[in-house]
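Q: no sequence for this one, just the structure:
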């Protein structure tokens, strides 16, 4: 009997229209390669500080392996509320306005699914984090891409957003400090977007997972801007600042009715974030600041080394002020972003991410992550210098 599945359109049209991640697609090439220096994966090279891991181990020893409430452990939600009040001066009710999620990725997905009706439009910067446009599409919305450029320090400008607003625009989605560019928006820059949001009755989804990783500048929490607390869905997590990527723990802070809508989806899909990771996060908030500050100081040193090195080999580069990425221009080589990255990998065994993985406006750039050892950064720069010189000689 022929067992071939004949059902038409087996995969939904919505899923079929979402392109595969440009990052994952590229890193499939790395699977069987040895001796590669990776400047591609966006995660700290530090292990989670031991006292944070120890808290989770202790919870396992005590048998804390059952579900928590859907919203997360009360002590963790209170800790998050305290952190946001102490650090930024913005207050949230831990009972009704904070939701603990499986990474910021789940928080973003829940936000968009809870807010969007079919055809609603969301403003998204281009280039921007790879999941932004895809998650908008998967939630039934339409991502309206706003080009951000080196000339404007990769900032999302209010006037560029205003030019793309329609009667279907519901929200602005952005992440600053930014992946992949390392750009940071000043309070004045963000205030112009806030005024636009009030004028056009828009929500703002602010991904601030890199908020602790800034160098010589201050991070502005978007919800602290005038009239923005009631319009902002603040997304954050523990992965980047506390070197807890594999723990998969994030959170959303927003008005109670929005959190309630997100939690409704969360109940049916995830139920709760892992108990052990939540216990670890409680410890991170209580006692993790010293390690965060040490890591930030180290990243700052690596940032300066990589930025200077890229400029010296002839790849003009915006100086990043946040996160842990450089986004150099490779236009002088005459190669496309994808060809540059692929040739660099095969010829010099250095892995970077094509700028086009983050949107079409990323063409002419590659992303280099400096959350790796200084010795590897220095060796990678030597290899990249040889490659660039060879390409230019033709």
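A: Structure received. Just so it is clear, the model here is predicted, and its values are computed rather than measured.

Q: contacts and neighbour counts: CA atoms only from here.
A: Fine.

Q: contacting residues for the residue lying closest to residue 350 once chain neighbours are set aside?
A: The shortest distance from residue 350 to any residue other than its chain neighbours is 4.9 Å, reached at residue 37 (Cα to Cα, 6 or more residues apart in numbering). Residue 37 makes contact with 349, 350, 351, 376, 380, according to Cα atoms under 8 Å, 6 or more residues apart in numbering.

Q: where's residue 37 relative to residue 344, distance?
A: For residue 37, the distance to residue 344 equals 11 Å [Cα to Cα, to the nearest Å].

Q: need the overlap of contacts for those two.
A: With Cα under 8 Å, 6+ apart, residue 37 and residue 344 have common neighbours 350, 351.

Q: measure the residue nearest to residue 350 to residue 282 for me?
A: Counting by Cα to Cα, the gap from residue 37 to residue 282 is 34 Å.

Q: for this structure, longest helix please?
A: helix 289-312 (DSSP state H).

Q: for that one, which positions count as buried?
A: Neighbour counts over helix 289-312 (16 or more other Cα atoms under 10 Å) mark 291-292, 295-296, 299-300, 302-303, 305-310 as buried.

Q: got a list of contacts for it?
A: Helix 289-312 has contacts (Cα under 8 Å, 6+ apart) with 49, 212-215, 241-242, 316-320, 324-326, 328, 370-371, 374, 377-378, 381.

Q: tell me the helix or strand right after it.
A: Following helix 289-312 in sequence order, the next helix or strand is strand 325-326 (DSSP states H and E).

Q: which strands and helices sit next to that next one?
A: Counting contacts by 3 or more Cα pairs under 8 Å, 6 or more residues apart in numbering; DSSP states H and E, strand 325-326 is packed against helix 289-312, strand 366-369.

Q: give the rounded mean pLDDT of that strand.
A: Throughout strand 325-326, pLDDT has a mean value of 98.

Q: and it, which strands flank it?
A: Strand 325-326 has the following sheet partners, assigned by DSSP bridges: strand 366-369 (antiparallel).

Q: ok, residue 113 - how many residues close by?
A: By the measure other Cα atoms under 10 Å, the count of residues near residue 113 is 19.

Q: surely it touches residue 139?
A: Yes. With contact defined as Cα atoms under 8 Å, residue 113 reaches residue 139; the gap is 4.9 Å.

Q: all strands for this structure, in order.
A: For the chain, the strands defined by DSSP state E cover 37-38, 98-101, 121-126, 142-147, 169-175, 203-207, 232-237, 250-253, 325-326, 350-351, 353-354, 366-369.

Q: the fifth one - what's its average pLDDT?
A: Looking back up the chat, that one is strand 169-175. What strand 169-175 shows for mean pLDDT is 98.

Q: neighbours of residue 136, how many?
A: Residue 136: 26 surrounding residues under other Cα under 10 Å.

Q: hmm, I typed the wrong one, I wanted residue 93.
A: Residues within reach of residue 93, counting by other Cα under 10 Å, total 15.

Q: what domains does the record give for the chain?
A: As recorded under automatic domain parsing, the domains making up the chain are 15-47+290-387, 50-286.

Q: now do the contacts for the residue nearest to residue 372 when sequence neighbours are not counted.
A: Nearest non-adjacent residue to residue 372, counting by Cα to Cα, 6+ apart: residue 45, 5.4 Å away. By Cα under 8 Å, 6+ apart, the contact set of residue 45 is 243, 371, 372, 373.

Q: how close does residue 45 sit to residue 384?
A: Taken as Cα to Cα, the span from residue 45 to residue 384 is 21 Å.

Q: can you check residue 319 too?
A: In this view, residue 319 and residue 384 are 18 Å apart by Cα to Cα.

Q: just residue 165 next, same as before
A: Distance of residue 165 to residue 384, given as Cα to Cα: 41 Å.

Q: quick revisit: just the buried ones from the contacts of helix 289-312?
A: Among those, those classed as buried by 16+ other Cα under 10 Å are 212-215, 241-242, 316-320, 324-326, 328, 370-371, 374, 377, 381.

Q: which one of the buried residues of helix 289-312 is nearest to residue 92?
A: Comparing the buried residues of helix 289-312 against residue 92 with Cα to Cα places residue 292 closest, at 23.5 Å.

Q: identify the residues contacting stretch 176-192?
A: Residues contacting stretch 176-192 (Cα under 8 Å, 6+ apart): 127-129, 153-155, 157-158, 206-208, 210-211, 213-214, 218-220, 222, 225, 319-327, 358, 367.
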